[in-house]
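# Give me a 3D structure for the following:
(one chain, ligands or ions: 1)
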Amino acid sequence: MRPKVLAGNWKMHKTQQEAVAFLQEFLGKLVDTPSDREIVLCVPYTCLSVLSKSLHGTRVKLGAQNVHWADQGAFTGEISPPMLVELGVRYVIIGHSERRQYFGETDATVNQRLKAAQSHGLTPILCVGETKAQRDAGETENHIFQQLALDLVDVDQSNLVIAYEPIWAIGTGDTCEETEANRVIGLIRSKLQNPDVPIQYGGSVNANNIDAIMAQPEIDGVLVGGASLQPESFGRIVNYKPL
Ligand SMILES: O=C(CO)COP(=O)(O)O
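Residues are numbered from 1 along each chain as shown. Alright, predicted model coming up:
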């Protein structure tokens, strides 16, 4: 059985104070959450330290949203794997479409970040997905296969999560049909050496569509943006009910 990984990606949201307030309320929602689920919060760097302390002794794992490949060096504005490990970070999102689109990340740098994260014991959440134009042109499969081929060179598939995030579904309310997400995720799995890699869906996941998404056999979890910012909605998501 592949693990179910339910991760929030807060993106550039929440001060430390807001993060602590979220957690106080959110932890109260986990009393009856089945133990088969891994719950992860990928928060801004500035929230890592305070959440690391607040999450101690809870079942919620801490995640970051990016990491550099060097241990240290003249890389202004970057954060290294040892810096994350010291704060108790376990997961790190790599290659999110917003990093690729707005900050010039390439498959080559994504690959470097993945290998560096793993060499320090972090579990990467690698994001892949197509634009609306690529989907309309029938390029979805080719684009994703190319991303996987380039991003996963020499990457350890025994310590990896992949998130299928169609870019047109992110922050738009235009969720990918769960059967279509299931189909693409099945294709992604067919390209992996290790079929047990958990593969998430991401893109406008919310409290109303989570049960149907998690009912799909290929979908092993979700990567949630907007709906992970409120304890109520993220609480409902991690407490999804298998149909
Ligand atoms: O990009 C996402 C998660 O990484 C998805 O964001 P939304 O859930 O806000 O669509």
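
# Could you report the neighbour count for Leu114?
Applying other Cβ atoms under 10 Å, we find 26 residues neighbouring Leu114. Yep, even glycine has a C-beta here, placed from its N, CA and C like the rest.

# Tell me who's in contact with it.
Ile94, Gly95, Pro124, Leu126, Asp151, Leu152, Val155, Leu160 (Cβ atoms under 8 Å, 6 or more residues apart in numbering).

# got JSON lines for those residues, with secondary structure, neighbour count and pLDDT too?
Formatted as JSON lines, these follow (DSSP: H, G, I helix; E, B strand; the rest coil; neighbours: other Cβ atoms under 10 Å; pLDDT from 0 to 100):
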{"residue": "Ile94", "secondary structure": "strand", "neighbour count": "28", "pLDDT": "98"}
{"residue": "Gly95", "secondary structure": "coil", "neighbour count": "26", "pLDDT": "98"}
{"residue": "Pro124", "secondary structure": "strand", "neighbour count": "26", "pLDDT": "98"}
{"residue": "Leu126", "secondary structure": "strand", "neighbour count": "25", "pLDDT": "99"}
{"residue": "Asp151", "secondary structure": "helix", "neighbour count": "23", "pLDDT": "98"}
{"residue": "Leu152", "secondary structure": "coil", "neighbour count": "23", "pLDDT": "98"}
{"residue": "Val155", "secondary structure": "coil", "neighbour count": "19", "pLDDT": "98"}
{"residue": "Leu160", "secondary structure": "coil", "neighbour count": "22", "pLDDT": "98"}
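
# Can you lay out these as CSV showing distance to Ala169?
Formatted as CSV, those follow (distance: Cβ to Cβ, whole Å):
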residue, distance to Ala169
Ile94, 19
Gly95, 17
Pro124, 21
Leu126, 17
Asp151, 20
Leu152, 23
Val155, 25
Leu160, 22
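
# which one of those sits closest to Leu27?
For the contacts of Leu114, the residue nearest Leu27 by Cβ to Cβ is Pro124; the value is 25.7 Å.

# Hmm, that closest one is touching Ala116, no?
No - contact criterion Cβ atoms under 8 Å: Pro124 and Ala116 do not qualify, at 9.4 Å.

# Alongside the ligand, which residues does the chain contribute?
Counting by Cβ under 6 Å from any ligand atom, the positions of the chain adjacent to the ligand are 9, 96, 165, 170-171, 202-205, 223-227.
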